[in-house]
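In: how would this look folded up:
(one chain, ligands or ions: 2)
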Amino acid sequence: MTTKQFDKIALIGIGLIGSSLARVIRQKGLAGTVAIATRSSETLERAHDLGLGDSYTTSSAEAVRDADLVIVSVPVGSSEKVAREISGELKEGAIVTDVGSTKESVVEQMKPYIPEHAHFIPGHPIAGTEHSGPDAGFATLFEGRWCILTPLPNADEEALAKLTTFWESCGSMVDRMDPHRHDLVLAIVSHLPQIIAYNIVGTADDLETVTESEVIKYSASGFRDFTRLAASDPTMWRDVCLHNRDAILEMLARFSEDLSSLQRAIRWGDGDKLFDLFSHTRHIRKSIIEAGQDVEAPDFGRHPEYTPAEKRGG
Ligand SMILES: NC(=O)C1=CN([C@@H]2O[C@H](COP(=O)(O)OP(=O)(O)OC[C@H]3O[C@@H](n4cnc5c(N)ncnc54)[C@H](O)[C@@H]3O)[C@@H](O)[C@H]2O)C=CC1
Ligand SMILES: O=C(O)C(=O)Cc1ccc(O)cc1
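Out: Ligands and ions are numbered 1, 2, ... in the order given. Coordinates of the predicted model:
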């Protein structure tokens, strides 16, 4: 059971994440009214047809007027533009947050435009799928998933507590982290796997002897998992790569070194080395599962609202 937490919530961007928020806010009655703003009128019309909010506009400034909570859910490269647009319209005490996959860059882009009288608390729900747009969202997306808040020094504790309660009501577990640390951690656990997926699917496609039909016909679950990730939104991931550049390059360098070492072990028939590494990594997964962490990333098979790409014909 949950109750109203904010009189008015403004959602800027109504794609996978924004529309999932709209659905859970409505389902749990977390807001008096929900104002929706997005850039394109087609997306706005679709959000209207889906009944995701109470008011609809292509003007972010208009949507945030009188809002107690503003959630920016746009590709990270558009953060500054949105912050500029809403800057002059934020009411006294408004909480402004975001859901972007990178945090240092979002802070740099948005902080200068959020007035002193509002509370800026960046955030990142570690929950998503390969789909995008307002049709892709679902109310249970955040259930049992972490949401990382990266408050700035001297953040208002009351605002932080309110935002924490909000995410908990959406079903998430909330953690706090420094933006720099967030970007390093996410570079290895999220951004690198995504880049590897883009790369391996591209490599398979480039091989002349492996035609597309053979790739599909013989793809085992490992390759299929990569194709799922590689089907993700190109704008979103272009922006992640450009806006977490240093951490991603650092992790890619380490990854390449380790890959070279693995390559050498295979070349020289070093079975012991291979066996040791594979045993170690198997142990890591076992211990994560024993610690009660769901490492199926993300296992939406258990969500009745989620339709896998294969079934959608996607
Ligand atoms: N897709 C995923 O699995 C996850 C994404 N994120 C982050 O959430 C954010 C949103 O991602 P999705 O919802 O997946 O993307 P999406 O592509 O489904 O939706 C993005 C929305 O932003 C709108 N938009 C773009 N530029 C805008 C602007 N300048 N002003 C107003 N609206 C604008 C688009 O019209 C669209 O409605 C991104 O920053 C992404 O890094 C975070 C966790 C998971
Ligand atoms: O679809 C997947 O496997 C994801 O990992 C979703 C995802 C994408 C980006 C994020 O910042 C957080 C979660």
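In: Around ligand 1, which positions in the stretch 51-200 of the chain sit nearby?
Out: With C-beta under 6 Å from any ligand atom as the criterion, the stretch 51-200 of the chain meets ligand 1 at residues 60, 73-76, 78, 81-82, 99-101, 125, 128-129, 132-133. (Each C-beta comes from the backbone N, C-alpha and C, glycine too.)
In: from the stretch 101-250 of the chain, which residue is nearest to ligand 1?
Out: residue 128 (1.7 Å; C-beta to the nearest ligand atom).
In: helix, strand or coil for that residue?
Out: Reduced to three states with DSSP: H, G, I helix; E, B strand; the rest coil, the structure at residue 128 is coil.
In: Now do it: how many residues are near it, please.
Out: 23 (other C-beta atoms under 10 Å).
In: distance of it from ligand 2?
Out: Here residue 128 is placed at a distance of 3 Å from ligand 2 (C-beta to the nearest ligand atom, to the nearest Å).
In: got it, and residue 279?
Out: Separation of residue 279 from ligand 2 (C-beta to the nearest ligand atom): 26 Å.
In: How about residue 113?
Out: Counting by C-beta to the nearest ligand atom - residue 113 and ligand 2 are separated by 23 Å.
In: Got the phi and psi for that residue?
Out: phi -100, psi -10 (degrees, to the nearest 10).
In: now residue 220
Out: phi -80, psi 180.
In: Where does residue 132 sit, in terms of helix or strand?
Out: Using DSSP states H and E, residue 132 sits in no helix or strand.
In: contacting residues around the closest residue to it other than its chain neighbours?
Out: Ranked by C-beta to C-beta, 6 or more residues apart in numbering and with sequence neighbours excluded, the top spatial neighbour of residue 132 is residue 233, at 4.2 Å. Residue 233 makes contact with 15, 75, 130, 132, according to C-beta atoms under 8 Å, 6 or more residues apart in numbering.
In: one step back: looking at the residue of the stretch 101-250 of the chain closest to ligand 1 now. What's its pLDDT?
Out: What the model reports as pLDDT for residue 128 is 97.
In: contacting residues for the nearest residue to it once chain neighbours are set aside?
Out: In space, and not counting its chain neighbours, residue 128 is closest to residue 16: 6.4 Å by C-beta to C-beta, 6+ apart. Applying C-beta under 8 Å, 6+ apart, we find residue 16 in contact with 128-129, 131-133, 136-137, 141.
In: hang on, isn't residue 28 packed against residue 5?
Out: No - judged on C-beta atoms under 8 Å, residue 28 makes no contact with residue 5 at a distance of 9.1 Å.
In: about what we covered before: got the phi/psi numbers for the residue of the stretch 101-250 of the chain closest to ligand 1?
Out: phi -180, psi -180.
In: on that earlier part again, intersection of neighbour lists for residue 28 and residue 5?
Out: Shared contacts of residue 28 and residue 5 (C-beta under 8 Å, 6+ apart): residue 169.
In: My understanding was that the residue of the stretch 101-250 of the chain closest to ligand 1 contacts residue 15; is that so?
Out: No - assessed by C-beta under 8 Å, residue 128 is found out of contact with residue 15, at 10.3 Å.
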